[in-house]
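Participant: Pasted the sequence and its predicted model underneath.
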Amino acid sequence: MFRRKKIVLSKQVDGVWLILEKDKIHVRRLNEVAGFLWGNLSNWRSEENLVNDLVSAFEVAKEVAKQDVMKWLEEYVRLDFLEKK
């Protein structure tokens, strides 16, 4: 299960998600898929839920979506943007 860390500052501007990096200087601009995943993580969600949401929203093969979601979650946990339980 994953969700956004409450201390991470983010905002959606004109349909694009922006995340303020920990150094408070750099802003990360999320692409469409990353923004979609980020937008769905305000509450606890499972990897499987995110994969199914991605398949439905982007009409991508489930195996491709699973690989993309796993890679994205690992990266955003490493960056300390997400909580994992």
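Facilitator: Cool, got the structure. Numbers count the residues shown, from 1 in each chain.

Participant: and the residue nearest in space to the middle of the chain, what does it touch?
Facilitator: The centroid of the chain falls nearest to Trp38 when counting by C-alpha atoms, centre = their mean (3.2 Å). Trp38 is in contact with Arg4, Ser10, Trp17, Ile19, Leu30, Tyr76, counting by C-beta atoms under 8 Å, 6 or more residues apart in numbering. Any C-beta I mention is one placed from the backbone N, CA and C, and that applies to glycine too.

Participant: Leaving out chain neighbours, which residue sits closest to the last one?
Facilitator: The spatially closest residue to Tyr76, leaving aside those adjacent along the chain, is Leu82, at 4.6 Å (C-beta to C-beta, 6 or more residues apart in numbering).

Participant: phi, psi of that neighbour?
Facilitator: phi -120, psi 150 (degrees, to the nearest 10).

Participant: Can you show me the strands along this protein?
Facilitator: Assignment of strands within the chain using DSSP state E yields the ranges 2-4, 10-13, 16-20, 27-29, 82-84.

Participant: so what does the last one touch, helix or strand wise?
Facilitator: Secondary-structure packing of strand 82-84 (3 or more C-beta pairs under 8 Å, 6 or more residues apart in numbering; DSSP states H and E): strand 2-4, helix 62-78.

Participant: Run the chain-centre distance for the longest one.
Facilitator: Relative to its parent chain, helix 62-78 has a centroid offset of 9 Å by C-alpha atoms, centre = their mean, to the nearest Å.

Participant: between the helices and strands packed on strand 82-84, which one is nearest to Trp44?
Facilitator: Judged by C-beta to C-beta, the one of these that comes nearest to Trp44 is strand 2-4, at 4.8 Å.
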